[in-house]
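> quick one: sequence and predicted model below, then my questions.
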Amino acid sequence: MSLSIDIKDWNSLLNKLTKKHLVYAPFAEQKFTDFKLIDNNPEEIVYNNAKTLTSLKHFLFLLKEKVTDTPSAGKIIVIGAKSCDLAALDLYDSVFLDEDYPDPFYRARRENMLIIGTDCYKLDKTCHCMTYNINPYPEKNCDLIANRISNRIIISGTSIKGEEFLEYIKKELNNIKEASGSENQKMKRQRDSISKKLKKMIRNIPDETKTAEWIKYSIDRKDNIWKKYASTCVSCGACVTGCPTCHCFLLIDLPNTKKIEKIRTQDACQYPGFEEVAAGVDPLEKHFIRFRNRYVCKYINRPQKYNHLACTGCGRCTDTCIGKIDKNEVIKALKK
Amino acid sequence: MKDLYKPIEVKVEQIKNESPGIKSYILKPQKPNTEFSFETGQFIELTLPGFGEAPFTPSSSPFNKKKMEVTVMDAGYVTSRLHKLKKGAKLGVRGPYGVGYPLKEFEGKDIIILGGGVGLAPLRSLLLSLIAEKKKYGKIMLCYGAKTPKDIIYKSQFQAWKRSGVKILRSVDKKDGSWKETTGVVTVLLDKIKINKKNTIAVVCGPPIMMKFGTLKCLKIGVPDRSIYLSMERNMSCGLGKCGHCAFGPYFVCKDGPVFQYSKVKNFPDVWE
């Protein structure tokens, strides 16, 4: 069942929630939107836009975290998670909640996070989730889905946590209704029209099967193409930072000789020396091989290991690249 | 394993000079009644408090649970600092991690151990495990190569291994006046042994170039690719198959290795990097 809530009531509820929890939502920021803490300004939240500048992973996998401490995480609520970022949690969960070594820091954050997804009613020019069979509206890994239709928020639960939140809403607000047939119709029409638009936009982008095949074929056969595209890459790692699935990290020992303390920081295979060993051998020493590594990892190695593609078609790697490298152009150039 | 990233404290009980640039450290847990537990071929992460962490495969026998020995070449940031340590220093140990040598598979078979330089460290642990239960295995042959006679590690131990029935062949790239054994790259030693192609296992560990030519030579003398085991060296950092630094094809060396059957990795473009 979906609830229909007047935006003013919803905003007052959000203001109340911010007194107890950290509540994040997308706000406009020049040409893009990004997650920010709601701070008495819920009326400025941008619903149903295209993806945010930064992905959902930054709530779960901190830029730096002391991993020799005891894990603890306060409850946070994230509003406005997009389908591409939600799909990326499949890979994150596979890595950090694996059977052998479930990561207590990730688990604490994941369990204490309430995720409210929203449909995309707008697209960026780099959006291509549907290339990899991900629809531009939340279908998994979130607790609720909330969309703005005119001056109302239509919200439904998609997990036990989400249903509990709906019950909380019902207790807190008087003036709520069940979403009407016409509101549900409007949401469906939005989904259909955005899907149609996106399908048209991505028609020339190869799917994951072709992509993996072409990359595999290109290794040692098409070095020149990799070299050509790597030529404007400055190994800044922005593609990795923006990527919702990239999860590599570095452990650093704090310069404190009395007690062993380790910090986990986000790392990138695009940085020189990422795989270098003590005696100096580095499988990713050559720049074009390091550049290629990201593609091989995303479309071949991670899917083989975890059964999840490590690209959800968000397009942030292309958006953020200062070398103006378009990931999909690289893949197209590799055509067998 | 509750604390994934928190090491246990250990004390350096003894430091042995193995060769110029290579030392062995005997480690003992600080906490009383704590034991080390690992399978031969698995590795640990050794922390130098306040400085850094690096992976090492213990060179001691897994049957000795009271103490653990690691053999360290002065080669990088952490190892050069380790070489400056004195007896009594406190370190941290996380692990053991990864998959060691599948000793069950080795039972009843002849075993060639092919090592180069400090690559003998994990192989020593294997050798000690095999010697401890010698009846289970066929012939054990150790082929070891070093740059010069001075660079040979565990010098005092070869006699004891020989007495235990291990066939030992050694070579050096460059001999000195007193060297009476083979001169040349380690692979030439494989010409000196006769193998039963259907029943021989080869275990290879050493610098990448030696691993490459050692493996190719094993194939040439007839050891099938599935019977060749490599101890891979990569930048294992977390040990948990998460941080990505030791990615090797679809595998992580820290979790899926460090011991790999050659048949499983032979097609990876970076197998010899």
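Everything's here; your move. Remember, predicted model here, so these are calculated numbers, not experimental data.
> all strands of the stretch 151-300 of chain A, in order?
Here the stretch 151-300 of chain A has its strands, by DSSP state E, counting those that start in this stretch, at A:152-157, A:177-178, A:249-253, A:262-266.
> among those, which is the most enclosed?
strand A:152-157 (a mean of 22; mean count of other Cβ atoms under 10 Å in any protein chain shown). No exception for glycine: its C-beta is placed from N, CA and C like everyone else's.
> need the strands of the stretch 151-300 of chain A in TSV (columns: mean pLDDT and distance to A:Glu275).
Shown next, in TSV, are the strands of the stretch 151-300 of chain A (pLDDT from 0 to 100; distance: least, Cβ to Cβ, whole Å):
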stretch	mean pLDDT	distance to A:Glu275
strand A:152-157	98	44
strand A:177-178	95	55
strand A:249-253	97	12
strand A:262-266	96	16
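> could I get those strands in JSON lines, plus columns for distance to chain B?
What follows is these, written out as JSON lines (distance: least, Cβ to the nearest Cβ, whole Å):
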{"stretch": "strand A:152-157", "distance to chain B": "31"}
{"stretch": "strand A:177-178", "distance to chain B": "44"}
{"stretch": "strand A:249-253", "distance to chain B": "5"}
{"stretch": "strand A:262-266", "distance to chain B": "5"}
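> now tabulate those strands in JSON lines and tack on distance to B:Pro208.
JSON lines is the format used below for the strands of the stretch 151-300 of chain A (distance: least, Cβ to Cβ, whole Å):
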{"stretch": "strand A:152-157", "distance to B:Pro208": "55"}
{"stretch": "strand A:177-178", "distance to B:Pro208": "66"}
{"stretch": "strand A:249-253", "distance to B:Pro208": "23"}
{"stretch": "strand A:262-266", "distance to B:Pro208": "28"}
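> for residue 88, the count of nearby residues, please.
The chain I'm using is chain A. 27 (other Cβ atoms under 10 Å in any protein chain shown).
> was after chain B, sorry
B:Gly88: 10 neighbours (other Cβ under 10 Å).
> helix/strand/coil for it?
Under DSSP: H, G, I helix; E, B strand; the rest coil, the three-state class of B:Gly88 is coil.
> show me which residues of the stretch 51-200 of chain A sit near chain B.
Applying Cβ under 8 Å from any Cβ of the partner chain, we find that the stretch 51-200 of chain A lies next to chain B at A:Val67, A:Thr68, A:Val95, A:Phe96, A:Asp98, A:Asp100, A:Tyr101, A:Asp103, A:Pro104.
> for B:Cys143, find the nearest of the strands of the stretch 151-300 of chain A.
B:Cys143 lies closest to strand A:249-253 among the strands of the stretch 151-300 of chain A, at 36.3 Å (Cβ to Cβ).
> can you give me the helices for the stretch 201-336 of chain A?
Assigned by DSSP state H, counting those that start in this stretch, the stretch 201-336 of chain A shows helices spanning A:208-218, A:223-230, A:238-242, A:287-296, A:302-306, A:316-320, A:327-333.
> in terms of secondary structure, what does the first one contact?
Yep, that's helix A:208-218 we're talking about. Using 3 or more Cβ pairs under 8 Å, 6 or more residues apart in numbering or on different chains; DSSP states H and E, the elements in contact with helix A:208-218 are helix A:287-296, helix A:327-333.
> so which of these comes closest to chain B?
Of all the helices and strands packed on helix A:208-218, helix A:287-296 sits nearest to chain B, with 8.0 Å by Cβ to the nearest Cβ.
> confidence score at A:Asp100?
pLDDT, A:Asp100: 95.
> in what helix or strand does it lie?
Here A:Asp100 is covered by no helix or strand, with elements defined by DSSP states H and E.
> run through the chain and note the low-pLDDT ranges.
Chain wasn't specified; assuming chain A. Within chain A, no range satisfies pLDDT under 70.
> oops, wrong one, chain B.
B:1-2.
> gap between the closest residue to chain A within it and A:Lys140?
For chain B and chain A, the shortest gap (Cβ to the nearest Cβ) falls at B:Gly76, measuring 2.9 Å. For B:Gly76, the distance to A:Lys140 (Cβ to Cβ, to the nearest Å) stands at 43 Å.
> please say which of these two ends up with more neighbours.
B:Gly76 (16 against 13).
> count of residues packed around the residue nearest to that one when sequence neighbours are not counted?
Leaving aside its chain neighbours, B:Gly76 sits nearest to A:Ala278 (2.9 Å; criterion: Cβ to Cβ, 6 or more residues apart in numbering or on different chains). By the measure other Cβ under 10 Å, the count of residues near A:Ala278 is 18.
> get me the contact residues on the stretch 1-150 of chain B for chain A.
Checking the stretch 1-150 of chain B against chain A by Cβ under 8 Å from any Cβ, the hits are B:1-7, B:9, B:47-54, B:73, B:75-79, B:92.
> list buried residues within the residues you listed.
Using 16 or more other Cβ atoms under 10 Å in any protein chain shown as the burial test, the residues of the stretch 1-150 of chain B next to chain A include B:4-7, B:47-49, B:51-54, B:73, B:75-76, B:78-79, B:92 as buried.
> so which residue is dead centre in the chain?
Going with chain A. Centroid-nearest residue in chain A, with Cα atoms, centre = their mean: A:Asp85, separated by 2.7 Å.
> any idea how far A:Leu198 is from that one?
16 Å.
> sorry, back to before: contacting residues around the residue nearest to B:Gly76?
Contact analysis of A:Ala278 by Cβ atoms under 8 Å, 6 or more residues apart in numbering or on different chains lists B:Ala54, B:Met73, B:Ala75, B:Gly76, B:Tyr77, B:Val78, B:Thr79.
> ramachandran coordinates for it?
phi -50, psi -40 (degrees, to the nearest 10).
> B:Pro55 touches B:Cys254, doesn't it?
Yes - here B:Pro55 reaches B:Cys254: they are 7.3 Å apart, a contact under Cβ atoms under 8 Å.
> need the overlap of contacts for these two.
B:Phe43, B:Tyr97, B:Met236, B:Ser237, B:Gly239.
> may I see the buried residues of stretch B:149-158?
Buried, per 16+ other Cβ under 10 Å, within stretch B:149-158: B:Pro149, B:Asp151, B:Ile152, B:Ile153, B:Tyr154.
> distance check, the closest residue to A:Gly157 other than its chain neighbours against A:Asp143.
Nearest non-adjacent residue to A:Gly157, counting by Cβ to Cβ, 6+ apart: A:Glu163, 4.0 Å away. From A:Glu163 across to A:Asp143, the span is 9 Å (Cβ to Cβ).
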